[in-house]
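# Model the structure of this input:
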Amino acid sequence: MIMQMFIPVCENNHWHMHVVNFAAGRVEILSSLPLRRGNSISAATRRLSMAINKALHAYAIHMDVDVSTFEHVQPHLDKLNMYRLRLVVELVLNERNNVRDKIMASCHL
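The predicted structure follows:
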């Protein structure tokens, strides 16, 4: 079962990351800008639900997810930095990263 999903989002020329925590029923929005309440979040969650469903079905993972029912939070800076570090590590070590071996070799790992 998928526990978390990291989804980059570009909205109004600003990039932020949605971390969907399925087990906790929470979406953590990692952004350098303050979280805005109201219609913009509702529209974003509808698009996010559709994108998650498409991604899950593309990989033959059958889960119906409606993130609009999830709690949406913006974590404190310490947690934001932890997620940034985790994301970098996951992207670097991902088997689909075509420069992973070069990075690992240059870091003597």
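# Can you give me the buried ones in the longest helix seen in the chain?
In the chain, with assignment by DSSP state H, the single longest helix is helix 39-58. Buried residues in helix 39-58, defined by neighbour count with 16 or more other CB atoms under 10 Å: 41, 44, 45, 48, 49, 51, 52, 53, 56. From N, CA and C alone the C-beta is placed, and that goes for glycine too.
# Give the other helices and strands that the helix or strand following it contacts.
Next along the chain after helix 39-58, taking DSSP states H and E as the criterion, comes strand 71-73. On a contact count with 3 or more CB pairs under 8 Å, 6 or more residues apart in numbering; DSSP states H and E, strand 71-73 meets strand 26-30.
# could you give the angle of the strand it packs on to helix 39-58?
Counting by axes from the mean of the first three to the mean of the last three CA atoms, to 10 degrees, strand 26-30 lies at 110 degrees to helix 39-58.
# related to what we said a few turns ago, now render the buried residues of helix 39-58 as a markdown table, adding distance to residue 72.
Output for these, formatted as a markdown table (distance: CB to CB, whole Å):
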| residue | distance to residue 72 |
| --- | --- |
| 41 | 6 |
| 44 | 9 |
| 45 | 7 |
| 48 | 10 |
| 49 | 12 |
| 51 | 15 |
| 52 | 14 |
| 53 | 18 |
| 56 | 20 |
